[in-house]
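> Attaching a predicted model along with its sequence, questions to come.
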Amino acid sequence: MAKISSVFWRGPWPYWVGAIVLAVLNILVLIVRQQPWGVSSNLEAWSEWMGGKIGLISTRNISGLMLLQSSGTYLNLGVILGAFWSTLAASQARFRPIRHRKFVVSALAGGVLMGYGARIAYGCNIGGLLNGIASSSLTGWIFAAAVIIGAWIGSKLLVKYLL
Amino acid sequence: MSQRKLNIGFTLFMLLLFILVAQLSPKSALILGLGTGLGFVMQKSRFCFTSAVRDPLLVGMTHLTQALILLIALSIAGFTLIVWVGEARGISYSLNVFPLGVHTLVGGVLFGIGMVLAGGCASGVLMRIGEGFGMQMLALGGLLIGALLGKLTVAHWRFVFGEWPGIFLPDKLGWFGTLILEFGALFGLWMLARWWQRKQVGE
């Protein structure tokens, strides 16, 4: 019992255990929210709101109050807090600085590409790939194929410039 | 073991946050609880969508890929069941059946490149921020900028290349045909992942 408890808090859990628990939570989100788990569309709403606040674009349809009432905000906030809680429970919480200047560039460039791609494809790995496929949508499968091609190109870049 | 005390403090903070949000909206509190669970489990099981897609290509390991296939299969089964039960009870769910266009492919490829460079996809970036990684805090900034650029240009993609309405597979193939096709495809991918790892690293 003590051993199970220790593995529970310290981890790591086997991948297949993670997959099963994540599937249960993913299905519960659909039941409660009547809409699947997603990450990027809420981040897009936040970026629009911020862009509007600093005057880059005109936002008519997004207000701060709407974001605070949006279920996507609570999901995303939950993921950050849950991951922090998990590291804290294992006494592994600390700030992990960027090790090299080239990772500053790759984090920013990667982030921009990802944000742009998710916006024009209407989804990220969660809303577009996992839950696109789980929704039995043809688009989900096609998006998955495109992401695999992109990851292959990305891996080539990673080996060439970053490792 | 000062982090043990911090953990007790943070647990109390989470409890208070949960109660506060529940006062505003019980549904939001439930969603916050589920989101926290998702982040917790992703961190504990080192579940990362980016490595699931990248590692077979980079190092030939497919354990996480196989777990991702399991997650997708269980989610298909769960979603299908929920939609069936919902139909019988008159509850409708808005599923992720998105329109399809050239920008689906272009967006997917850019997203795939970006997640490998940034060391995490959207959910992975959030999880790593929780873990304290500076790199992904920066990546989130990039993600927000990219999303804004996407908002400004997505209409052009639609205008130039057109867009087709999303296809909900059960409408075309029936539920039975859809499930056979989807589980068949996933089983094929799972076999491929196992074969790939044996070929690449020999275990």
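Thanks, I have the structure now.
> now the spatially closest residue to residue B:162 that is not a sequence neighbour: how far from residue A:40?
The spatial neighbour of residue B:162 that comes closest, neighbours along the chain excluded (C-beta to C-beta, 6 or more residues apart in numbering or on different chains), is residue B:101 at 6.4 Å. To be clear about C-beta, it is placed using only N, CA and C from the backbone, and glycine gets the same treatment. When C-beta to C-beta, to the nearest Å is the yardstick, residue B:101 and residue A:40 sit 17 Å from each other.
> okay, the two: which has more neighbours?
Legend: neighbour count by other C-beta atoms under 10 Å in any protein chain shown for residue B:101 and residue A:40, higher for residue A:40 (31 against 21).
> Does the more buried one touch residue B:122 like I think?
Yes - contact status for residue A:40 versus residue B:122: in contact at 4.8 Å, counting by C-beta atoms under 8 Å.
> any residues in contact with both of these two?
Overlap between the contact sets of residue A:40 and residue B:122, as judged by C-beta atoms under 8 Å, 6 or more residues apart in numbering or on different chains, is given by A:118, A:124, A:126, B:143.
> where's the second one relative to residue B:84, distance?
I take that to be residue A:124. Using C-beta to C-beta, one gets 27 Å for the distance from residue A:124 to residue B:84.
> Same check on residue B:7?
Relative to residue B:84, residue B:7 is positioned 41 Å away (criterion: C-beta to C-beta).
> For these two, indicate the residue with more neighbours.
Looking at residue B:7 and residue B:84 with other C-beta under 10 Å, you find the greater number of neighbours at residue B:7, namely 19 against 11.
> so does the helix or strand the more buried one falls within get close to chain A?
When secondary structure is defined using DSSP states H and E, the element that contains residue B:7 is helix B:2-24. Yes - judged by C-beta under 8 Å from any C-beta of the partner chain, helix B:2-24 comes into contact with chain A through B:3, B:4, B:6, B:7, B:10, B:11, B:14, B:17, B:21.
> Pull out the buried residues from those.
B:3, B:7, B:10, B:14, B:17, B:21 (16 or more other C-beta atoms under 10 Å in any protein chain shown).
> Might one say that the second one is in contact with residue A:90?
Spelled out, that is residue B:7. No - taking C-beta under 8 Å as the definition, residue B:7 is not a contact partner of residue A:90, at 9.1 Å.
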